[in-house]
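Novice: sequence below, structure please.
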Amino acid sequence: MKLSQIAQILGAALENASPETEVTGVAAIEEAGPQQITFISNPKYASLAKSTRAAAILVTPDFPAEGRPVLRHSNPYLSFARTLELFYQVPQYATGIHPTAVIDSTAKIGTGAHIGPYVVIDSGVVIGDDAVLLAHVVIYRGARIGHRFFAHSHAQVREYCELGDDVILQNGVVIGADGFGFARDGAKGWHKIVQSGITKLADRVEVQANSTVDRASIGETVVGIDTKIDNLVQVGHGCKVGEHTMLCSQVGLGGSSHVGSNVILAGQVGVAGHLTIGDGAIATAQTGIPGDVAAGTTVSGYPAIENRQWLRAVAVFNKLPELAKAVRRLTRGTE
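Specialist: Next up, the predicted model:
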């Protein structure tokens with residue numbers, strides 16, 4: 001595919017490169033060759049633009065090209081993702097049901113489904129059109145799932161849970177496992193609280209490998225439209241997560257947390273139960289959140305505080321040994 005064609009598809013402006021250059025793929029900036037496209041979205045990698053051999057670099061409109069071949073776009077990372085789609089086609093799965101699949105006679109599955117080896121679909125399940133269920137997927141009784149459902153191997157949807165259209169479950173995901181609910185029973189130890197609720201995932205939710213979204217003890221655990229959940233994330237029972245939110249790897253939400261829309265919780269953020277995180281909030285990696293977070297704020301550290309305040313505190317923390325010495329010297333001077 002010619003560079004000029006790619007520029008037209010992306011709506012990008014081509015500079016310092018021949019429109020007739022043939023492009024065969026995409027690659028990281030350090031590895032890209034003369035027939036590959038790469039990108040820069042993080043300014044800290046800008047210096048690598050001087051040494052890359054790429055046919056063109058996807059960059060922002062204000063990036064200093066300095067004679068290098070570039071494709072300018074307001075969102076180079078998104079453009080890079082769209083370019084990947086031009087050169088890599090995801091595997092397609094033929095319509096049909098593998099002979100080892102076990103499907104209850106009362107289950108209803110729409111047209112165009114691919115049901116792989118050893119899939120189990122229990123009684124009363126409803127699944128929409130064009131579903132793909134790969135090997136060893138298990139759908140418990142009464143689950144209701146929309147169109148274009150894609151479940152990778154060993155994903156599981158528990159009883160009576162509800163999933164919208166275009167939901168993707170990566171390998172090992174469990175939707176609707178029992179919430180962590182136990183009551184003290186005197187000397188006997190712990191009494192399990194029945195988890196009678198369900199989990200609901202809205203349209204275009206993706207849950208990545210080995211993550212869990214627990215069912216509610218009563219009511220519903222809800223994940224909103226277009227929210228993305230990374231690997232090894234735990235969403236506790238009764239949580240409400242808004243639309244277009246991102247939960248990165250190893251995030252843990254305590255039970256009954258309310259997370260707004262367009263929120264980003266970076267890796268290893270821990271959220272205590274029964275609190276609210278407002279729309280548009282951001283928590284940086286390893287933040288511990290014991291209380292409510294206001295909409296639109298960025299927080300860091302434990303306990304979570306406003307990000308700029310945390311950065312100042314960290315700068316002071318690194319100087320504590322020197323400050324301690326200075327205090328000791330001043331103290332000795334007053335004795």
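Novice: use CA for all of it now, contacts and neighbours both
Specialist: OK.
Novice: identify the residues contacting residue 267.
Specialist: Taking C-alpha atoms under 8 Å, 6 or more residues apart in numbering, we find residue 267 in contact with 247, 248, 249, 250, 251, 284, 285, 286.
Novice: which SS state does residue 123 fall under?
Specialist: coil (DSSP: H, G, I helix; E, B strand; the rest coil).
Novice: so residue 202 makes contact with residue 240?
Specialist: No - Residue 202 is beyond contact range of residue 240, at 11.5 Å (criterion: C-alpha atoms under 8 Å).
Novice: quick one: mean pLDDT for stretch 62-75?
Specialist: Averaging pLDDT along stretch 62-75 gives 92.
Novice: how about the CA coordinates for it, as CSV?
Specialist: Listed next in CSV are the C-alpha coordinates belonging to stretch 62-75 (Å, rounded to 0.1, in the frame of the first residue of the first chain):
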residue,chain,number,x,y,z
ASP,A,62,3.4,20.5,15.9
PHE,A,63,6.2,17.8,15.9
PRO,A,64,9.4,19.2,14.5
ALA,A,65,10.0,17.1,11.4
GLU,A,66,13.5,18.5,10.6
GLY,A,67,13.4,16.9,7.2
ARG,A,68,12.2,13.4,8.4
PRO,A,69,9.3,11.7,6.6
VAL,A,70,6.2,12.2,8.7
LEU,A,71,2.5,11.7,8.7
ARG,A,72,0.9,14.5,10.8
HIS,A,73,-2.3,13.7,12.7
SER,A,74,-3.9,15.2,15.8
ASN,A,75,-4.0,11.7,17.3
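Novice: sorry, back to before: could the contacts of residue 267 be laid out in CSV, adding distance to residue 190?
Specialist: Shown next, in CSV, are the contacts of residue 267 (distance: C-alpha to C-alpha, whole Å):
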residue, distance to residue 190
247, 31
248, 32
249, 30
250, 27
251, 26
284, 35
285, 34
286, 31
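Novice: for this structure, what helix or strand is lowest in average pLDDT?
Specialist: None of the helices or strands of the chain scores lower by mean pLDDT, DSSP states H and E than helix 320-334, at a mean of 84.
Novice: counting by contacts, list what it packs against.
Specialist: Applying 3 or more C-alpha pairs under 8 Å, 6 or more residues apart in numbering; DSSP states H and E, one finds that helix 320-334 contacts no other helix or strand.
Novice: try it again at 10 Å.
Specialist: When contacts are defined as 3 or more C-alpha pairs under 10 Å, 6 or more residues apart in numbering; DSSP states H and E, helix 320-334 packs onto helix 307-318.
Novice: now the helix it packs on: buried residues?
Specialist: Using 16 or more other C-alpha atoms under 10 Å as the test for burial, helix 307-318 gives 307, 310.
Novice: name the helices or strands packed onto it?
Specialist: If you count contacts as 3+ C-alpha pairs under 10 Å, 6+ apart, helix 307-318 packs onto strand 298-300, helix 320-334.
Novice: compute the inter-axis angle for the last one and helix 307-318.
Specialist: Going back to what we said before, that points to helix 320-334. Counting by axes from the mean of the first three to the mean of the last three C-alpha atoms, to 10 degrees, helix 320-334 lies at 60 degrees to helix 307-318.
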